[in-house]
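# show me the folded form of this:
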Amino acid sequence: MNAGSRDMLLGATGLITGAILLNEVGAMEANKNPLFDYGVGPVLFPKALLVIWLSLSFLILVRAWFFVNEEAEQVNHKRLWSVVAGVSIFVAVIPVLGFLVSAIIFSLLLPCVVGYRNLKVVAAVGAIFPLVVWYAFTHWLDIFLPSSILSVGF
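Modelled structure (predicted):
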């Protein structure tokens, strides 16, 4: 498979999946209770993310038209399935450890799994990025993230 075909497949899959999810979010908004209609609705953020998703998928499709003849690099299947397993474990332990603890562990381990070996950068990003995301969601956006059963705030 060449790079253009791969990217066309990825872009088309992203567009179809994003459109289905955007339709589902629209249905959720149509069924909302008018008694709880205050300020910005709970579907604004997912809708914004889906619009970004659809835009990026479209850009991938447009980019694929120009790289149809390039040969794609070989996929390391062991690394790919390790990332899939890591993301699955991350999602499974969020309810137990909470978002922050799970995200820190995930952010520290994933770069090592994919082959990034600069430990100073991994440690800095693994510690700082989840804290910034957690703080932004809980304090600026007022979106509650799953808490750890080990502590009250994280």
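# every contact and neighbour count from this point should use C-alpha atoms.
Will do.
# show me what contacts residue 90?
102, 103, 106 (CA atoms under 8 Å, 6 or more residues apart in numbering).
# revised request: answer the last question for residue 103.
90, 126, 130.
# which SSE is residue 90 in?
Using DSSP states H and E, residue 90 maps to helix 77-97.
# please apply the same query to residue 25.
Counting by DSSP H and E, residue 25 is part of helix 3-30.
# check which residues of that helix are buried.
For helix 3-30, the neighbour count (16 or more other CA atoms under 10 Å) marks 3-5, 7-8, 10-12, 14-15, 17-19, 22, 25 as buried.
# out of the residues you listed, which comes closest to residue 138?
Residue 138 lies nearest to residue 25 out of the buried residues of helix 3-30, by CA to CA, at 22.1 Å.
# how close does residue 107 get to residue 9?
Going from residue 107 to residue 9 by CA to CA, to the nearest Å gives 28 Å.
# angle of the one helix or strand residue 113 maps to against helix 77-97?
Assigned by DSSP H and E, residue 113 belongs to helix 99-114. Angular relation of helix 99-114 and helix 77-97 on a 0 to 180 degree scale: 170 degrees, by axes from the mean of the first three to the mean of the last three CA atoms, to 10 degrees.
# buried ones in helix 99-114?
For helix 99-114, a neighbour-count test (16+ other CA under 10 Å) marks 99, 100, 101, 102, 103, 104, 106, 107, 108, 109, 110, 111 as buried.
# chain center to the very next helix or strand once past it, what's the gap?
Following helix 99-114 in sequence order, the next helix or strand is helix 119-135 (DSSP H and E). With CA atoms, centre = their mean, to the nearest Å as the basis, helix 119-135 stands 16 Å off its chain's centre.
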